[in-house]
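**Q** next comes the sequence, and after it the predicted model I'd like to discuss.
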Number of protein chains: 2
Amino acid sequence: MARSSRTDVAVLGALSVQPMSGYAVRAAITETLGHFWSESFGQIYPALARLEAAGLVRAAADGRTSGRVFEITDDGLARLRTMLAEPDEPAPPRNGLLLRLFFGRLLGPDVCRDLVRDVRVRAEASLATYAALRREVEAEPDAGNRAYFLVTVAAGEHGARAQLAWADEALTLLAAVDDRDPH
Amino acid sequence: MARSSRTDVAVLGALSVQPMSGYAVRAAITETLGHFWSESFGQIYPALARLEAAGLVRAAADGRTSGRVFEITDDGLARLRTMLAEPDEPAPPRNGLLLRLFFGRLLGPDVCRDLVRDVRVRAEASLATYAALRREVEAEPDAGNRAYFLVTVAAGEHGARAQLAWADEALTLLAAVDDRDPH
DNA sequence: AATATCATGTAACATGTTACATGATTGG
DNA sequence: CCAATCATGTAACATGTTACATGATATT
């Protein structure tokens, strides 16, 4: 049916919170959805043009700046609800790290351990970020969407903790590999 | 530098195990790397042509079939080692499920709970698959790459268990949402 | 005045899937 | 002989990033 529906969801979703410029949509997605979503200008501006042509958003000149302010229409809100309800079909798996580690014998256990340790470090940094994010959300009064926000934060936390536990198991497995093995 | 390096890694990696046809490369990737990688014919055949032109693989007519058998060259093996050692730059995050749940207020807690339950069911199925995979690997004698295979299986297991734990936390969070809230 | 940030857009490129076209080989 | 599988390839499409071009506004 619709082209680029995922970008459309993100853009309409941002505009469902409040009207804003395309530039601000990008900033909102980066800042608020950044831990599970991303969009580039090259996607956002054509998406806004499409959505405007379809009557799902309405644009008005911004008095204060040279740009335009986009506002979601009733049709746009209805369309967003429809798209949100569509089943989420998971993308085909493509994990570059596991691809490397699977052929790790060609690399040797030392290099593989470095790859894994790197993941561990990044996972610990992520955990700290999520903890801060959680404190932020819990400090603000619930405007009705706190639970939904916390659900996404929890996903990040569980994922990062899983990476940590996996890294430790992987390091144990790799410690048992004979380094004199033919790489 | 090189175009399509990730596909090249997967294809060269498959051929580093044994020479085979392009069709068999696809089957090997699907069967053996399937839980963390995927390639389509539309990527594999052009990749093989590129790799052959670059001298990284060598093709010979297969006596038994109408097709060709591709064999990795010494240059190809060296190239594969180089590419495996390159740092893995993580893809920008794009989690369609979390995008939906973040705007879950527009959908209502009931629909969101259905989305989460679906993840839970799939995660449990994954866990069973990984358990079977682990038994398979551990039943065979170690040809020197068992630890590396187990590292990738462990990643799947930890990821699936994290999804399970997250789903339960999410269901608890969503159970507390007032369903009479304005969607 | 210079610099940073806000703002909009496009073109080139990269990567990937899906559908199609074509034919050989094998097993029932 | 017919169906399934093996085998190779291309074209169209989808999705996405990056780099570029351009200019307005705000801050120091």
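**A** Sure, I can see it.

**Q** state the helix or strand in which the closest residue to DNA strand D within chain A lies.
**A** Shortest chain A-to-DNA strand D distance, computed as Cβ to the nearest atom of the strand: residue-wise this is A:Gly42, at 2.4 Å. (C-beta placed from N, C-alpha, C; glycine too.) Remark: A:Gly42 resides in helix A:41-53, with elements defined by DSSP states H and E.

**Q** ok, residues contacting that helix?
**A** Helix A:41-53 is touched from outside by A:3-4, A:7-8, A:11-12, A:22, A:25-26, A:29, A:57-59, A:70, A:76, with contacts defined as Cβ atoms under 8 Å, 6 or more residues apart in numbering or on different chains.

**Q** does DNA strand C sit close to that helix?
**A** Yes. Helix A:41-53 is in contact with DNA strand C by Cβ under 7 Å from any atom of the strand, via A:Phe41, A:Gly42, A:Tyr45, A:Pro46, A:Leu48, A:Ala49.

**Q** neighbour-wise, which of these leads?
**A** Within these, neighbour counts (other Cβ atoms under 10 Å in any protein chain shown) peak at A:Leu48, which reaches 22 neighbours.

**Q** do you know the pLDDT at that residue?
**A** The predicted local distance difference test score for A:Leu48 is 98.

**Q** and if you look at A:Ser4?
**A** At A:Ser4, the model reports a pLDDT of 62.

**Q** residue contacts, the spatially most central residue of chain A?
**A** With distances taken as Cα atoms, centre = their mean, A:Phe36 lies nearest the centre of chain A, 1.7 Å away. Applying Cβ under 8 Å, 6+ apart to A:Phe36 gives the contacts A:Thr152, A:Ala155, A:Gly156, B:Pro93, B:Arg94, B:Asn95, B:Leu98, B:Leu99, B:Phe102.

**Q** inside strands: which ones of the residues you listed?
**A** Per DSSP state E, strands hold no members of the contacts of A:Phe36.

**Q** A:Leu77 touches A:Gly13, doesn't it?
**A** No. Judged on Cβ atoms under 8 Å, A:Leu77 makes no contact with A:Gly13 at a distance of 10.3 Å.

**Q** out of the two, which sits in the more crowded spot?
**A** Neighbours were tallied for A:Leu77 and for A:Gly13 using other Cβ under 10 Å; the higher tally belongs to A:Gly13 (24 against 15).

**Q** now the more buried one: which helix or strand?
**A** Per DSSP H and E, A:Gly13 falls inside helix A:5-17.

**Q** helices or strands up against that helix?
**A** Contacts of helix A:5-17 with other secondary structure elements, assessed using 3 or more Cβ pairs under 8 Å, 6 or more residues apart in numbering or on different chains; DSSP states H and E, are made with helix A:22-32, helix A:41-53, strand A:57-61, strand A:68-72, helix A:74-85, helix B:96-102.

**Q** so which of those is nearest B:Asp168?
**A** Across those, B:Asp168 has its closest neighbour in helix B:96-102 (14.6 Å, Cβ to Cβ).

**Q** residues contacting A:Ala154?
**A** Shown in contact with A:Ala154 (Cβ under 8 Å, 6+ apart): B:Trp166, B:Glu169, B:Ala170, B:Leu173.

**Q** hmm, I was thinking of A:Arg134
**A** Applying Cβ under 8 Å, 6+ apart, one finds that A:Arg134 lies in contact with A:Leu150, A:Val153, A:Glu157.

**Q** need the pLDDT of the residue in chain A that chain B sits nearest to.
**A** Of chain A, the residue with the smallest distance to chain B, taken as Cβ to the nearest Cβ, is A:Ala162 at 3.5 Å. The predicted local confidence for A:Ala162 comes out at a pLDDT of 98.

**Q** now, the contacts of A:Ala154 that are in strands?
**A** Among those, none falls in strands (DSSP E).

**Q** between those residues, which sits nearest A:Leu106?
**A** Of all the contacts of A:Ala154, B:Trp166 has the smallest distance to A:Leu106: 34.5 Å, by Cβ to Cβ.

**Q** leaving out sequence neighbours, find the closest residue to that closest one.
**A** If you skip the residues right next to it in sequence, B:Trp166 has A:His158 as its closest partner in space, 4.0 Å away by Cβ to Cβ, 6 or more residues apart in numbering or on different chains.

**Q** can I assume that neighbour sits in a helix?
**A** Yes. Remark: A:His158 belongs to a helix, assigned using DSSP: H, G, I helix; E, B strand; the rest coil.

**Q** how far away is it from B:Val151?
**A** Spatial separation of A:His158 from B:Val151 under the definition Cβ to Cβ, to the nearest Å is 20 Å.

**Q** quick one, which of the two is more surrounded?
**A** Between A:His158 and B:Val151, B:Val151 has the larger neighbour count (other Cβ under 10 Å), namely 25 against 22.

**Q** the residue nearest to the more buried one when sequence neighbours are not counted: how many residues sit nearby?
**A** Spatial nearest neighbour of B:Val151, chain neighbours left out: A:Ala170 (4.6 Å); criterion: Cβ to Cβ, 6+ apart. When neighbours are defined as other Cβ under 10 Å, A:Ala170 has 28 of them.

**Q** next up, the contacts around A:Met20.
**A** A:Met20 neighbours (Cβ under 8 Å, 6+ apart): A:Ala14, A:Ala28, A:Val69, A:Phe70.
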